[in-house]
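S.K.: Quick one, what's the 3D model for this:
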Amino acid sequence: MERRKVGILGATGMVGQRFIQLLSNHPWFEIAWLAASDRSAGKTYGDACRWKLDTPLPKHIAAMTMQPNVPEGTVGELPKIIFAALDADIARELEPKFAAVGCAVISNSSAFRMTPDVPLVVPEVNADHLALIEAQASRRENGGKGGYIVTNPNCSAIGLVMALKPLEERFGIESLFVSTMQAVSGAGYPGVPSLDIMGNVVPFIKNEEEKMQEEVGKLLGRLDGRKIEMLDAKVSAHCNRVPVEDGHTECVSIKLRKKATREEILAAWNEFLPLQGQHLPTAPSQPVEYDDGVDRPQPRLDKMRGNGMAATVGRLRECSLLDWKFVVLSHNTIRGAAGAAVLNAEVLALLGKLDKLDVAVTPAVAVMA
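M.R.: Residues are numbered from 1 along each chain as shown. Take a look at the predicted model:
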């Protein structure tokens with residue numbers, strides 16, 4: 001597949017840095033455009049960004065000039081594909097502007113996740129929901145060649161629904177209780193002050209419980225024409241911040257609509273291979289991995305399974321209140337953020353939804369000093 005030029009909006013933040021890390025050597029995509037806040041425009045990326053990841057900042061990326069964070073004013077051609085890593089309030093303003101000029105906006109923001117015509121997608125779970133982009137006004141008003149917005153879920157919801165999807169398919173879900181232990185990297189940089197989190201647990205993350213409860217319903221819901229019928233199940237979430245660098249751990253109790261044995265549940269996870277044979281560069285070969293260790297999964301040991309894109313499940317046992325309980329772990333800034341958006345873009349490419357975009361922006365001319 002010919003490499004497509006892509007842009008990253010919000011490129012200097014932690015999720016933006018993950019995008020750069022994951023896309024720098026991607027076989028299908030080539031980083032050609034970077035933007036962040038107004039104060040970054042005109043600087044090199046190396047000057048605008050405090051690189052915090054454990055791999056070196058690529059030299060050619062460090063030398064790139066940061067562009068304005070709006071479609072107009074870009075020096076050179078605006079890429080048709082924009083990966084967005086923005087705070088919700090900023091995303092609510094900027095993402096529709098890029099969709100309106102014809103870009104495919106692959107967003108990590110929460111701003112439009114629950115908008116009825118915006119797909120909220122984990123490809124292994126509900127790739128068919130991508131059909132919703134055809135209902136978006138920015139898409140329809142340009143003869144089916146216009147831009148659109150696609151979102152990935154909250155970092156704590158992604159690992160959870162990957163573990164739930166094979167159970168929902170085989171047995172149905174009646175009710176669900178989940179308590180999270182979420183890594184500090186989920187709060188961005190500088191995130192939670194060290195004196196607040198070291199040796200501590202903070203039992204509150206703003207809007208997190210509401211996001212989990214709503215998003216699970218949409219992710220596991222059914223596409224009916226141009227709307228999503230939400231999953232008919234009760235979901236209760238407790239969300240906690242813990243002193244772990246990367247990796248969200250979640251303790252889950254579940255009541256199934258159809259009784260299932262331990263062996264049947266393990267088979268559902270082991271046989272869950274929805275993207276097999278599609279050869280997507282970022283997709284894990286086994287999306288849900290079960291570890292039968294008595295003390296697994298653990299963030300330090302298991303967060304990078306499937307190159308950080310798999311969900312690891314363990315400790316399956318009977319629950320005295322519901323039916324079954326287990327623990328699920330996923331990498332929150334790879335599978336839960338940038339990697340999820342990259343995988344969404346790969347599926348869109350496979351479906352041909354990145355081919356016929358008509359970007360209507362006249363590029364600005366660079367002025368030599």
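S.K.: and the closest residue to residue 10 other than its chain neighbours, how far is that from residue 131?
M.R.: Nearest residue to residue 10 in three dimensions, chain neighbours excluded: residue 85, at 3.8 Å (C-beta to C-beta, 6 or more residues apart in numbering). (C-beta placed from N, C-alpha, C; glycine too.) Taking C-beta to C-beta, to the nearest Å as the measure, residue 85 falls 25 Å from residue 131.
S.K.: Show me which of the two is the more surrounded one.
M.R.: residue 85 (26 against 14; other C-beta atoms under 10 Å).
S.K.: Against residue 342, how distant is residue 6?
M.R.: Taken as C-beta to C-beta, the span from residue 6 to residue 342 is 9 Å.
S.K.: Apologies, that question was intended for residue 35.
M.R.: Counting by C-beta to C-beta, the gap from residue 35 to residue 342 is 18 Å.
S.K.: Which stretches in the stretch 201-350 of the chain count as helices?
M.R.: Ranges of helices within the stretch 201-350 of the chain are 208-219, 262-270, 299-302, 339-350, based on DSSP state H, counting those that start in this stretch.
S.K.: tell me the mean pLDDT over the shortest one?
M.R.: The predicted model gives helix 299-302 an average pLDDT of 98.
S.K.: on that earlier part again, just put the helices of the stretch 201-350 of the chain in JSON lines and tack on mean neighbour count and distance to residue 42.
M.R.: Listed next are those as JSON lines, based on neighbours: other C-beta atoms under 10 Å; distance: least, C-beta to C-beta, whole Å:
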{"stretch": "helix 208-219", "mean neighbour count": "21", "distance to residue 42": "35"}
{"stretch": "helix 262-270", "mean neighbour count": "15", "distance to residue 42": "50"}
{"stretch": "helix 299-302", "mean neighbour count": "17", "distance to residue 42": "39"}
{"stretch": "helix 339-350", "mean neighbour count": "24", "distance to residue 42": "26"}
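S.K.: out of those, nearest to residue 320?
M.R.: Of all the helices of the stretch 201-350 of the chain, helix 262-270 sits nearest to residue 320, with 15.2 Å by C-beta to C-beta.
S.K.: and the closest one, how far out from the chain's middle?
M.R.: 26 Å (C-alpha atoms, centre = their mean, to the nearest Å).
S.K.: who touches that helix?
M.R.: 163, 166-167, 169-171, 260, 288, 290, 313, 316, 324 (C-beta atoms under 8 Å, 6 or more residues apart in numbering).
S.K.: Apply the buried test to those residues and list what passes.
M.R.: 163, 166-167, 170-171, 260, 288, 290, 313, 316, 324 (16 or more other C-beta atoms under 10 Å).
S.K.: Just the closest of those to residue 199, please.
M.R.: Residue 199 lies nearest to residue 313 out of the buried ones among the contacts of helix 262-270, by C-beta to C-beta, at 28.5 Å.
S.K.: and that closest one, what is it in contact with?
M.R.: Listed by C-beta under 8 Å, 6+ apart, the contact set of residue 313 reads 163, 269, 288-291, 297, 326-329.
S.K.: same check, this time on residue 205
M.R.: 182, 186-187, 239-241.
S.K.: closest to residue 347 among these?
M.R.: residue 186 (24.2 Å).
S.K.: Touching, the closest one and residue 157? I think so.
M.R.: No. Using C-beta atoms under 8 Å, residue 186 is not in contact with residue 157, being 11.9 Å away.
S.K.: more crowded one of the two?
M.R.: residue 157 (31 against 26).
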